[in-house]
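1. okay, predicted coordinates and the sequence, questions at the end:
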Amino acid sequence: MKILAVCGMGLGSGLLLRMQVEKALQRIGKQADVEVADIGVARAMAQTADLIVTTRELAERLGDVKPRVITISNFVDLEEMIRKLKEALQDL
Amino acid sequence: MSGEPMSVEILLKMIPEEAIRVGVSAPDWRAAIQACGEAMVEAGIVDMPYIDQMIAAIEELGPYIVIAPGIALAHARPSPAVRRPGLAIIVLDSPVPFGHPENDPVRLIIGLAAPDPHSHVQVLAVMAEMLSEESCRFALFHAATPSDVRRALVTFSERGSCA
């Protein structure tokens, strides 16, 4: 399974998202490859991803993509990430 | 993922005293980012053009950089204006809106400089861990002096919390 953490430049918030996704995966006992993509390359990289994690505004910018998109509003709240990731992984 | 834990010496070197400002008054988000950039210039982390690059990034990509309630992570792309990897910590005296639907207004700005995609990962990871701790968010939000911020960094490094 491949999860794509999408942010504006692939350097700051995307890295934070990746760290949170990895921590959340560990907590819920699942495994996945987590990659960071900036918004410029995210549409192309989405083709091979199973799930996208990003913010609401970047999700709007991303538009329609094949994988499911979950949006995170608080990047330091692990519980939010766990809840949303769990729900999305159930349906995959 | 981020390898060896970062020593407190390296952490404090990447967040130097000059890059920490508290009680900063800014009328709007641009002025807040400007103040953050100026601290980064003074600390020798970046050159002046980086300030406008950070502002331009927010204009281009929007206020998604407000990563948690009251907290913004400001940065631009790696460029010749970045001298070395480092962070600035700016605490505003009164919070300003960035236009984020959920996390406004912003009181704490983390300014990030990355010369490449890798050398800042560890310090950013430490910062993220720290901001996940409520006691540390409280300590940073209510820091009265830059020394308070440094003390919070050291305490977190040693104990994993700021309590």
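-> Yep, it's here. Numbering: from 1, shown residues only, chains lettered A, B, ... in the order given.

2. show me where the chain has its strands.
-> Going with chain A. With strands called from DSSP state E, chain A shows them at A:2-7, A:33-38, A:51-54, A:68-71.

3. hmm, no, I was thinking of chain B.
-> In chain B, the segments counted as strands under DSSP E are B:20-24, B:66-68, B:71-75, B:86-96, B:106-113.

4. redo those as JSON lines? Include distance to A:Val76.
-> All C-beta atoms are positioned from the backbone trio N, CA, C, and that covers glycine. JSON lines is the format used below for the strands of chain B (distance: least, Cβ to Cβ, whole Å):
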{"stretch": "strand B:20-24", "distance to A:Val76": "19"}
{"stretch": "strand B:66-68", "distance to A:Val76": "5"}
{"stretch": "strand B:71-75", "distance to A:Val76": "7"}
{"stretch": "strand B:86-96", "distance to A:Val76": "15"}
{"stretch": "strand B:106-113", "distance to A:Val76": "11"}
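
5. mean pLDDT and mean neighbour count added to those, as TSV?
-> Supplementary listing: those in TSV, determined by pLDDT from 0 to 100; neighbours: other Cβ atoms under 10 Å in any protein chain shown:
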stretch	mean pLDDT	mean neighbour count
strand B:20-24	98	19
strand B:66-68	97	27
strand B:71-75	97	26
strand B:86-96	98	21
strand B:106-113	98	26
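
6. and the strands of chain A: which comes nearest chain B?
-> Nearest to chain B, of all the strands of chain A, is strand A:2-7, at 7.3 Å by Cβ to the nearest Cβ.

7. buried set for the closest one?
-> Buried residues in strand A:2-7, counted by 16 or more other Cβ atoms under 10 Å in any protein chain shown: A:Ile3, A:Leu4, A:Ala5, A:Val6, A:Cys7.

8. output the below-cut-off pLDDT ranges for chain B.
-> Regions of chain B meeting the criterion pLDDT under 70 cover residues B:1-4.

9. tell me which parts of it are close to chain A?
-> B:1-2, B:57, B:60-65, B:67-69, B:71, B:73, B:75-78, B:101-103, B:112, B:114, B:117, B:120-121, B:124-125, B:128, B:131-132, B:137 (Cβ under 8 Å from any Cβ of the partner chain).

10. from those, which ones fall inside helices?
-> Among those, the residues falling in helices (DSSP state H) are B:Ala57, B:Glu60, B:Leu61, B:Val121, B:Leu124, B:Ala125, B:Ala128, B:Leu131, B:Ser132, B:Arg137.

11. how far off centre is the longest helix along chain A?
-> If you go by DSSP H, chain A has its longest helix at helix A:13-28. Centre-to-centre, helix A:13-28 and its host chain are 8 Å apart (Cα atoms, centre = their mean, to the nearest Å).

12. elements contacting it?
-> strand A:2-7, strand A:33-38, strand A:51-54, helix A:78-91, helix B:121-132 (3 or more Cβ pairs under 8 Å, 6 or more residues apart in numbering or on different chains; DSSP states H and E).

13. also near chain B: which of the buried residues of strand A:2-7, exactly?
-> Counting by Cβ under 8 Å from any Cβ, the members of those near chain B are A:Cys7.
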